[in-house]
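**Student:** how does the following fold in three dimensions:
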Amino acid sequence: MELYTTSETKKIDSLAIKEKSVTSYSLMEKASKFSYKAIESRWPEIENMIVFCGKGNNAGDGYLLASIAQEYGIKVIIVQAESPQKMSVAATKAFNLSKSLKIKIISAKQLEKLKITKNKTIIIDALLGIGIKGTVKGKMYSAIKKINALGKNNPVVSLDMPSGVCADTGNILGIAVEADLTLSFIGLKRGLYTSDGRSCSGEILLDHLDVKSKIRSKIKSNAFLINSEKSLSKLINRRINSHKGDYGHVLIIGGDKGFGGAAILAAKCAAMSGSGLVSLATRTEHVTAALNACPEVMVKGVDSGQDLENYLNSPNVIVLGPGLGINAWAEQMMQQTFIACKERNLPLVMDADALNIMTSLKLKVMAPHKLVITPHPGEAARLLKKNVMEIEKDRFKSAKQLSQKFNSVTVLKGSGTIVCSNNKLRFGVCESGNPGMASGGMGDILSGLIGSFIAQGLNLIEATETAVELHSASADIASIDLGELGLLASDVIDTIRTNLAF
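**Tutor:** Numbers count the residues shown, from 1 in each chain. Sure thing, here's the model as predicted:
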């Protein structure tokens, strides 16, 4: 499923009109009909509708939706947040239709005097759509604030995009509507699926408005929703005549004193997701705990880089970083790992403290060519010498910069995790995941899962996208049974294994 920027969406719109398959007004008609059906199916008990309209084409969608709703017996009020005098021809036509039907049109100030029936009223956001330019101010700011206040007791539906959310980045531009449902037209916007856009959008439904796929395909997007069904089938459909050597050997390196759990979780996840062999190189004091947690893992106590050297010849992928710490021991682990990966052309997955060491350590050996990095926004900020706010302002840009700087496949974790490769500079966006994942160990099991899928034969991009999607989807399933509060990484490992079974 492709994800589009504002510019790309407008180009598709223009192409469709140019080829005379639709008109601007007919697109509005289709959008309003789709919107009404979606609303009616979800909230059949609604008796009142308040439609907030701006002055762009998004407002035209709102006017026509108001007209349809009134024809079906719903009591409709249009809140005119901006003067309709500067609207496009199509939006003006929609405005005139609502006027001819004698729909009540009021200002935002007049809305204060109205009595609004809780649970029987639906609020429609047709203020800005994808047409936002700059920070939301003035009348639009006030209108959005009012929508959010009404939304505490009534469902809110945004047409195309929640007003105030940047369609390209998902960043909030001053203030944004918090929608329960977003109805996206022509194509999905990438800002719906990451950063604050994900939390503002609620449920998302798409209608192409009869714009044909051959027209949409003329505009190439560089972002998409991750769908790893094909890659998972490669993993699950194993040959009957096979053995453990066919499914790779993952080596997890990490677990400094006091941080053994992170490395153990990564190793356990790699073992429980199909790797033929899993080794764990960790501090000697963690060996017993690791064997108790997962006796199938080959656990090796290493207290120096020299100790590690002996174990770097067997694996076909290395995961470095879970619980690694930032000290001389960690630097030795990293130095020896880089040398081995260079000499043997091994893939390396780097997470957690391995990334933090990268920001300050001047290694004699450069990072391997087959590299996956998995930073959260804080780690990404340190890697790019920025602050977290700059990273989150445009997560697509940040992921691209990381991939280019380290010539890597990059996983920028967070709400709407992004996977980017320097080879293709395409962005895979994960639509799964929940706030329960904001707990220790979640990143560790992801790194183990990526390593496992590389070991089993998927290429770096396939393995990373598949692991990211499975990890988040499994966390969603686990949260249904266990709740988000207190969700543990070990709970998600169990669900990952169950998902792989089906």
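**Student:** how about the strands of the stretch 401-502 of the chain, start to end?
**Tutor:** With strands called from DSSP state E, counting those that start in this stretch, the stretch 401-502 of the chain shows them at 409-412, 418-421, 427-429.
**Student:** give me the contacts around the shortest one.
**Tutor:** Where contact means Cβ atoms under 8 Å, 6 or more residues apart in numbering, the residues beyond strand 427-429 that reach it are 3, 190, 193-194, 222-226, 396, 399-400, 416-420, 465, 468. Backbone N, C-alpha and C define where each C-beta goes, glycine included.
**Student:** Q332 versus I339, what's the distance?
**Tutor:** In this view, I339 and Q332 are 11 Å apart by Cβ to Cβ, to the nearest Å.
**Student:** oh sorry, the question was meant for I103
**Tutor:** 73 Å.
**Student:** do N58 as well
**Tutor:** Taking Cβ to Cβ, one finds N58 at 58 Å from Q332.
**Student:** between these two, which one's more packed in?
**Tutor:** More neighbours surround N58 than the other of N58 and Q332, with 26 against 18 (other Cβ atoms under 10 Å).
**Student:** am I right that the more buried one is in contact with G131?
**Tutor:** Yes. At 6.2 Å, N58 counts as touching G131 under the criterion of Cβ atoms under 8 Å.
**Student:** what comes up buried for stretch 31-42?
**Tutor:** For stretch 31-42, the neighbour count (16 or more other Cβ atoms under 10 Å) marks 31-32, 34-36, 38-39 as buried.
**Student:** with just CA atoms, put that stretch into PDB.
**Tutor:** C-alpha atoms of stretch 31-42 as PDB (Å, rounded to 0.1, in the frame of the first residue of the first chain):
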ATOM      1  CA  ALA A  31     -15.500  11.900  -1.200                       C
ATOM      2  CA  SER A  32     -18.700  13.200   0.500                       C
ATOM      3  CA  LYS A  33     -20.700  10.000  -0.400                       C
ATOM      4  CA  PHE A  34     -18.000   7.700   0.800                       C
ATOM      5  CA  SER A  35     -17.700   9.800   4.000                       C
ATOM      6  CA  TYR A  36     -21.400   9.600   4.700                       C
ATOM      7  CA  LYS A  37     -21.500   5.900   4.300                       C
ATOM      8  CA  ALA A  38     -18.500   5.400   6.600                       C
ATOM      9  CA  ILE A  39     -20.100   7.600   9.300                       C
ATOM     10  CA  GLU A  40     -23.600   6.100   9.000                       C
ATOM     11  CA  SER A  41     -22.200   2.500   9.300                       C
ATOM     12  CA  ARG A  42     -20.200   3.400  12.400                       C
END
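**Student:** tally of neighbours for the nearest residue to S199 once chain neighbours are set aside?
**Tutor:** Nearest residue to S199, sequence neighbours excluded (Cβ to Cβ, 6 or more residues apart in numbering): S415, at 6.6 Å. Other residues lying near S415 total 21 when counted by other Cβ under 10 Å.
**Student:** can you start the count at 38 instead of 1 from here on
**Tutor:** In the new count, where the first residue is 38, that last one comes out as S452.
**Student:** for L408, what are phi and psi?
**Tutor:** Main-chain torsions, L408, degrees, to the nearest 10: phi -130, psi 130.
**Student:** what's near enough to touch it?
**Tutor:** 384-385, 387, 443-446 are the contacts of L408 under Cβ under 8 Å, 6+ apart.
**Student:** just N185 next, same as before
**Tutor:** 193, 214-215.
**Student:** what is the nearest of these to A538?
**Tutor:** Checking the contacts of N185 against A538 by Cβ to Cβ gives E215 as the nearest, at 37.7 Å.
**Student:** might one say that the closest one is in contact with K189?
**Tutor:** No. Contact criterion Cβ under 8 Å: E215 and K189 do not qualify, at 9.5 Å.
**Student:** so which of these two has more stuff around it?
**Tutor:** Neighbour count, other Cβ under 10 Å: between E215 and K189, E215 has more, with 21 against 9.
**Student:** in three-state terms, label that one for me.
**Tutor:** coil (DSSP: H, G, I helix; E, B strand; the rest coil).
**Student:** for it, give its distance to G494.
**Tutor:** Distance from E215 to G494, by Cβ to Cβ: 43 Å.
**Student:** N364 too?
**Tutor:** Distance from N364 to G494, counting by Cβ to Cβ: 35 Å.
**Student:** and I241, by the same measure?
**Tutor:** 34 Å.
**Student:** so which elements touch the helix or strand containing K47?
**Tutor:** Using DSSP states H and E, K47 maps to helix 43-55. Other elements packing on helix 43-55 under the criterion 3 or more Cβ pairs under 8 Å, 6 or more residues apart in numbering; DSSP states H and E are helix 61-79, helix 250-253.
**Student:** determine which of those approaches D528 most closely.
**Tutor:** Nearest of these to D528, taken as Cβ to Cβ: helix 61-79 at 31.0 Å.
**Student:** on that earlier part again, take the contacts of L408 and write them to a markdown table, including neighbour count and pLDDT.
**Tutor:** Below are the contacts of L408 laid out as a markdown table (neighbours: other Cβ atoms under 10 Å; pLDDT from 0 to 100):
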| residue | neighbour count | pLDDT |
| --- | --- | --- |
| P384 | 23 | 98 |
| L385 | 28 | 98 |
| M387 | 27 | 97 |
| F443 | 19 | 92 |
| N444 | 15 | 93 |
| S445 | 26 | 95 |
| V446 | 29 | 97 |
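**Student:** if we can go back for a sec, just how off-centre is the helix holding K47 within its chain?
**Tutor:** 25 Å (Cα atoms, centre = their mean, to the nearest Å).
**Student:** could you work out the end-to-end span of stretch 154-164 for me?
**Tutor:** 22 Å (Cα to Cα, to the nearest Å).
**Student:** scratch that, stretch 198-212 is what I was asking about
**Tutor:** Terminal-residue distance, stretch 198-212 (Cα to Cα): 13 Å.
**Student:** for that stretch, buried residues please.
**Tutor:** By neighbour count with 16+ other Cβ under 10 Å, stretch 198-212 contains the buried residues 198-210, 212.
**Student:** stretch 159-176 now?
**Tutor:** Quick answer for stretch 159-176 (16+ other Cβ under 10 Å): 159-169, 173, 176.
**Student:** same question, stretch 382-399
**Tutor:** Neighbour counts over stretch 382-399 (16+ other Cβ under 10 Å) mark 383-395 as buried.
**Student:** so of these, which ones are in strands?
**Tutor:** 385-387 (DSSP state E).
**Student:** what would those look like in a markdown table with distance to K423?
**Tutor:** Output for these, formatted as a markdown table (distance: Cβ to Cβ, whole Å):
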| residue | distance to K423 |
| --- | --- |
| L385 | 24 |
| V386 | 23 |
| M387 | 19 |
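**Student:** and of the residues you listed, the nearest to A326?
**Tutor:** For those, the nearest to A326 is V386 (22.5 Å; Cβ to Cβ).
**Student:** ok, the closest one to A500 distance?
**Tutor:** The gap separating V386 from A500 is 9 Å, by Cβ to Cβ.
**Student:** which residues are common contacts for those two?
**Tutor:** Common neighbours of V386 and A500 (criterion: Cβ under 8 Å, 6+ apart): 409, 487, 491.
**Student:** what about the residues you listed, which are in helices?
**Tutor:** Among those, the members falling in helices are 487, 491 (criterion: DSSP state H).
**Student:** compare the shared contacts of V386 and A500 and tell me which is most surrounded.
**Tutor:** For the shared contacts of V386 and A500, neighbours were counted using other Cβ under 10 Å, and I487 has the most, 33 neighbours in all.
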